[in-house]
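Enquirer: I would like to see how this sequence folds:
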Amino acid sequence: MSAAPTKLLFATRTSPFAGDSGSGTYVFDLLRHLTENGFKIHVIWTEPPDLIPSRGWYTPPEESHAVFCLNIMGMVKVGERFLRPDVVWLPFKAKVSHAVKTVLRKIGLWRERPANVSAAPASSLVPATPTAWGGECTSTEVSAIHKAILCFQPDVVLANYAWMAPASNMPGELRRPCAVLTHDVRHRQLHLREGQLTEILGEHMSVETELASLQFADALIAIQQTEAKVFSRLLPGKQVITAPMPVRPRPLPLPAKPAVLFIGSQHGPNVAGLNWFIEKVWPLIIGEVASAKLLVAGSVCRAFSEPQPAGVEILGRLPDLATAYARASVVVAPILQGSGIKIKILEAASYGRPCVTTSVGVEGLEALQPALRVADTPAAFASETVRLLQTQNAASASEQILALARAHLSAGACYDPVVNLLHGLARSSP
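Expert: Coordinates of the predicted model:
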């Protein structure tokens, strides 16, 4: 008889789906690996998606059904879909109220009341303002996660980002062991300024706030080795492991025409990096390779309106990124600010695409560093990109990055430590 699966509750504010962001891609890939290795996963998502185009309905990606059971805070599950009642009810209520008032006015039975200058209490059905990225867990989120723990009775809880850790804390025998998928060190950011790498502390979160949140965790999962060392030094009583995102090779033939690809979400550092590249680097590349194209894909495109400089093609969000990678000779990751690990570089490696990035972008990618081109000034970045646009150089770099990925970044090498950690925590559960 096979052993019963280990029950895992994954608590997240951000999307747990691939394609929405780099962190979502990492999360979904990890949860899929856990499912394949003896876990039954329940996800509680506290930040409902934007539902305006679909009139209150949300349909999760079909591939998620085999990976986890999903619940979304403030939404009603109907089969495999979710309904947010306020999106349907409030407009209906407003229309009915307006129609009634119009009729009463016509027959003289409605008297206008003076405006009430005092703020009216908010309706419980009014959509909540989205929680600020990285903000502390709200009481509503805490309540939703506690309810999920009581209903699902998990053996272990996995909190997504440090700010979700306090919500897992429950009194006495109700408490479950908790690990935090940290993604990055929130109080530590790297910046590229005039070609110089600078470390800034306390920019996104104070070290005191971050450590206070992480005190609720039994173990921490760092996404790269440098940050694992930071956590181990600051939290010596906590178990810390490292789990970078693996590379799952799916190489594509290199295209005949020279093209550069940038893929990213509408996250501030992505917009800033792409602006820097288009304004300062792209003119130098076009000056050397006049026929080159710059392809831009992902929600970052919303920040860039037409027209763009010569050779720049805005693709928008794509249902299948393979179509963009198939057209690209080289991928660029002009990252001027950040922490954690850059999923876009790992994804480029999976397609066998050579990549040019900065000293900020390369941190945590020591396994791939021999195959990456690192440049911190516009001239150097352009030079490395032009060199890779040459077919022979691109082919050699493609083979090198795939070989390194296969040797060091398999799914087992990256994620099995998480499997072992969570199974161990579950065994300690009351």
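Enquirer: so what's the residue lying closest to residue 254 once chain neighbours are set aside up against?
Expert: Spatial nearest neighbour of residue 254, chain neighbours left out: residue 394 (5.6 Å); criterion: C-beta to C-beta, 6 or more residues apart in numbering. Backbone N, C-alpha and C define where each C-beta goes, glycine included. Residue 394 makes contact with 254, 329, 330, 354, 388 under the criterion C-beta atoms under 8 Å, 6 or more residues apart in numbering.
Enquirer: repeat that with 6 Å
Expert: Applying C-beta atoms under 6 Å, 6 or more residues apart in numbering to residue 394 gives the contacts 254, 329, 354, 388.
Enquirer: return the distance of the last one relative to residue 291.
Expert: Read that as residue 388. 15 Å (C-beta to C-beta, to the nearest Å).
Enquirer: the two - which one has more neighbours?
Expert: Set side by side, residue 388 and residue 291 show more neighbours around residue 388, with 25 against 10, by other C-beta atoms under 10 Å.
Enquirer: what's the neighbour count on residue 66?
Expert: Residue 66, neighbours per other C-beta under 10 Å, totals 9.
Enquirer: grab the nearest non-local neighbour of it.
Expert: What sits nearest to residue 66 in space, not counting adjacent residues and going by C-beta to C-beta, 6+ apart, is residue 35, at 7.3 Å.
Enquirer: any idea how far the one you found is from residue 267?
Expert: Taken as C-beta to C-beta, the span from residue 35 to residue 267 is 28 Å.
Enquirer: now do the strands in the stretch 301-430 of the chain.
Expert: Secondary structure of the stretch 301-430 of the chain (DSSP state E, counting those that start in this stretch): strands located at 312-316, 330-333, 337-338, 355-357, 373-374.
Enquirer: go through those strands and name the closest to residue 279.
Expert: strand 312-316 (11.1 Å; C-beta to C-beta).
Enquirer: what packs against that closest one?
Expert: strand 293-297 (3 or more C-beta pairs under 6 Å, 6 or more residues apart in numbering; DSSP states H and E).
Enquirer: okay, the angle between the strand it packs on and strand 312-316?
Expert: 20 degrees (axes from the mean of the first three to the mean of the last three C-alpha atoms, to 10 degrees).
Enquirer: show residues contacting strand 293-297.
Expert: Contacts of strand 293-297 (C-beta under 6 Å, 6+ apart): 259-263, 282, 311-315, 318, 324.
Enquirer: how about a cut-off of 10 Å?
Expert: Contact partners of strand 293-297, identified using C-beta atoms under 10 Å, 6 or more residues apart in numbering, comprise 255, 257-264, 274, 277-278, 281-282, 285-286, 303-304, 308-318, 321, 323-325, 327-329, 331-332, 385.
Enquirer: so which of the residues you listed are in helices?
Expert: Per DSSP state H, helices hold the following members of the contacts of strand 293-297: 274, 282, 285, 286, 323, 324, 325, 327, 385.
Enquirer: can I get the strands of the stretch 301-430 of the chain in a markdown table with distance to residue 172 and mean neighbour count?
Expert: Shown next, in a markdown table, are the strands of the stretch 301-430 of the chain (distance: least, C-beta to C-beta, whole Å; neighbours: other C-beta atoms under 10 Å):
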| stretch | distance to residue 172 | mean neighbour count |
| --- | --- | --- |
| strand 312-316 | 51 | 15 |
| strand 330-333 | 47 | 26 |
| strand 337-338 | 40 | 20 |
| strand 355-357 | 48 | 28 |
| strand 373-374 | 51 | 18 |
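Enquirer: how about the closest residue to residue 248 other than its chain neighbours, what does it touch?
Expert: Spatially, and ignoring its direct neighbours in sequence, residue 248 is nearest to residue 350 (5.5 Å; C-beta to C-beta, 6+ apart). Residues in contact with residue 350 (C-beta under 10 Å, 6+ apart) are 245-252, 325, 401-402, 405, 409.
Enquirer: among those, which two are most distant?
Expert: 245 and 252 (19.3 Å).
Enquirer: of the two, who's got more company?
Expert: When neighbours are counted by other C-beta under 10 Å, residue 245 comes out ahead of the other of residue 245 and residue 252, with 25 against 16.
Enquirer: hang on, the earlier thing: which among the strands of the stretch 301-430 of the chain is found nearest to residue 155?
Expert: strand 337-338 (34.1 Å).
Enquirer: what is the end-to-end distance of stretch 209-226?
Expert: 20 Å (C-alpha to C-alpha, to the nearest Å).
Enquirer: check which residues of it are buried.
Expert: 209-210, 213-214, 216-224, 226 (16 or more other C-beta atoms under 10 Å).
Enquirer: rebuild the residues you listed as TSV, extending it with distance to residue 298.
Expert: Formatted as TSV, those follow (distance: C-beta to C-beta, whole Å):
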residue	distance to residue 298
209	30
210	28
213	29
214	30
216	34
217	31
218	35
219	32
220	29
221	26
222	26
223	20
224	22
226	26
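Enquirer: filter the residues you listed down to the ones in strands?
Expert: 219, 220, 221, 222 (DSSP state E).
Enquirer: can you pull the pLDDT of the last one?
Expert: Translated: residue 222. Confidence at residue 222, expressed as pLDDT, is 97.
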